[in-house]
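> I would like to see how this sequence folds:
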Amino acid sequence: MSKRDELKSKICSIPNSVRYLQEYVSPEIFITEKEEDNTAYVLSDVDKINKTCKVATVKTVLDEEKNFVIINSPNIVFIPIDGKNGLLGGTSNCDFVFFNDINFCFVELKLNATLTINQTPLQQERAIRKNRKKAIQQLKNTKEYFDTKLSCDYKNLILEAYIATPDIYPRENTAFQSIKVQFLEETHIEVFENREKRYEKKHQ
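You can find the predicted model right below:
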């Protein structure tokens with residue numbers, strides 16, 4: 001049995017979890033947060049040429065800047081965590097987790113964050129810091145949940161955390177580096193500020 005299947009079997013023992021587990025196989029897997037229910041969904045029928053897709057069976061415009069993308073991954077298991085239709089509901093956890101035979105990843109989407117021209121540079125900096133701080137806490141909360149439920153047994157998968165922020169955010173600047181160091185010290189896993197997780201094609 002693969003590491004992914006071993007972990008999937010273990011997670012299935014968590015009450016009410018089976019209904020949320022979803023499996024996907026695709027060179028590119030796009031994930032977005034639906035504002036109506038604050039839940040993460042994997043997009044279907046993605047047409048990058050005509051910029052269309054389906055979110056929870058509803059056809060809509062494809063905005064690639066509002067998605068987290070998993071590229072060249074082996075088969076993944078995806079679990080929505082936060083929001084009305086997530087495993088844990090509410091707003092205090094990260095948006096989703098996914099895992100394959102390599103990684104177990106915690107992901108928080110902050111792609112709807114905005115900065116306005118009316119804000120001073122200091123106000124923008126504070127808004128970014130506040131958003132990152134909230135995301136970090138949501139990631140921590142979710143990791144603590146799975147640590148407890150799985151007794152910290154992730155079948156030797158490499159754990160990673162992601163904060164997906166819009167392109168207007170400064171990428172992993174000095175301020176983020178201090179967050180990164182503290183998160184690693186507290187959780188023993190790395191956190192990245194990125195909108196994608198990319199694998200080498202040899203992993204397919």
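
> And whichever strand or helix holds E125, what's buried?
With elements taken from DSSP states H and E, the one containing E125 is helix 121-150. Within helix 121-150, the residues that count as buried by 16 or more other Cβ atoms under 10 Å are 124, 127-128, 131-132, 135-136, 138-143, 145-146, 150. C-beta coordinates here come from the backbone N, C-alpha and C atoms, glycine included.

> same thing with stretch 65-72?
Across stretch 65-72, burial judged by 16+ other Cβ under 10 Å covers K66, N67, F68, V69, I70, N72.

> for stretch 158-165, same thing?
For stretch 158-165, burial by neighbour count (16+ other Cβ under 10 Å) applies to L159, E160, A161, Y162, I163, A164, T165.

> Pull that stretch out as CSV, backbone CA atoms only.
Only the C-alpha atoms of stretch 158-165 are listed here, as CSV (Å, rounded to 0.1, in the frame of the first residue of the first chain):
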residue,chain,number,x,y,z
ILE,A,158,7.0,15.7,4.1
LEU,A,159,4.8,18.3,5.7
GLU,A,160,4.6,21.8,4.2
ALA,A,161,2.4,24.9,4.6
TYR,A,162,1.3,27.5,2.1
ILE,A,163,-0.2,30.9,2.2
ALA,A,164,-1.5,31.8,-1.2
THR,A,165,-1.5,35.6,-1.5
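
> what angle sits between the one helix or strand R4 maps to and helix 121-150?
In this assignment (DSSP H and E), R4 forms part of helix 3-11. Inter-element angle recorded for helix 3-11 and helix 121-150: 80 degrees (by axes from the mean of the first three to the mean of the last three Cα atoms, to 10 degrees).
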